[in-house]
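[1] What follows is a protein structure lacking sequence information:
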């Protein structure tokens with residue numbers, strides 16, 4: 001596929017072809033809009049049905065495009081679910097705290113955004129690719145929390161450091177949000193408050209333990 005570059009305000013592409021033509025820019029915009037419509041259709045369908053019931057023809061109908069068009073952008077259903085999870089869930093999940101003291105505000109902001117996307121969070125767990133994406137996000141969060149602990153003088157490789165990290169990883173995961181919301185009927189905002197309180201309490205206890 002030919003690379004498309006932004007058209008300069010100075011005018012149309014030069015004879016050398018170093019700039020994209022207005023027509024190529026429009027085609028690129030159309031492709032991006034079509035892809036976004038397909039991804040949104042996946043998110044909408046996941047909210048309405050179990051991910052296992054989603055099919056490429058259903059996505060095509062929801063997006064208002066042909067089945068061949070969907071396959072042109074996404075070769076498999078797993079790729080569809082992966083794109084929806086990546087482009088809809090990841091931006092929220094990447095709002096990681098800069099310190100354990102900032103965990104509460106960060107968790108509230110993240111889970112507040114995920115509150116409207118809980119069906120997609122559930123759907124991600126039904127896709128092998130989605131589970132892999134979830135695992136990679138967990139690795140990034142775990143690495144950051146390890147750095148934050150080390151900066152506070154707590155060895156993340158020690159017994160108490162590993163204990164705190166393990167529990168904090170669970171309490172700040174989207175899985176914890178689903179468990180509290182789906183099984184205990186807790187509002188996402190309250191769930192964030194509860195988990196932030198629990199992690200802060202464990203962190204304070206760990207700090208006291210390291211000072212003995």
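    Perfect, I can see it now. Here the structure is a predicted model, which is why all the values come from computation and not from measurement.
[2] so where does the closest residue to residue 210 other than its chain neighbours fall, helix or strand?
    Of all residues not flanking residue 210 in the chain, residue 154 sits nearest, at 5.8 Å (C-beta to C-beta, 6 or more residues apart in numbering). (Glycine included, C-beta is placed from N, CA and C.) For residue 154, there is no enclosing helix or strand under DSSP states H and E.
[3] Look up how far residue 56 lies from residue 154.
    Using C-beta to C-beta, to the nearest Å, one gets 49 Å for the distance from residue 154 to residue 56.
[4] With residue 172 instead?
    Residue 172 is 35 Å from residue 56, by C-beta to C-beta.
[5] Specify which residue of the two has the higher count of neighbours.
    residue 172 (25 against 17; other C-beta atoms under 10 Å).
[6] Next one: that one from residue 65, what distance?
    38 Å.
[7] Do a quick rundown of the helices in the chain.
    22-48, 56-63, 67-73, 77-84, 90-93, 103-114, 118-126, 128-151, 159-171, 174-178, 184, 188-210 (DSSP state H).
[8] Next, the angle from the fourth one to helix 22-48.
    Angle, helix 77-84 to helix 22-48, by axes from the mean of the first three to the mean of the last three C-alpha atoms, to 10 degrees: 100 degrees.
[9] buried sites along helix 77-84?
    In terms of neighbour count (16 or more other C-beta atoms under 10 Å), helix 77-84 has its buried residues at 77, 80-84.
[10] And for the longest one?
    Of all the residues in helix 22-48, those buried under the rule 16+ other C-beta under 10 Å are 24-25, 28, 34-35, 38-39, 41-46.
[11] Kindly reformat those as CSV containing distance to residue 202 and pLDDT.
    Shown next, in CSV, are those (distance: C-beta to C-beta, whole Å; pLDDT from 0 to 100):
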residue, distance to residue 202, pLDDT
24, 55, 81
25, 53, 84
28, 49, 87
34, 47, 93
35, 43, 91
38, 43, 92
39, 38, 87
41, 42, 87
42, 37, 83
43, 34, 75
44, 38, 78
45, 39, 80
46, 34, 71
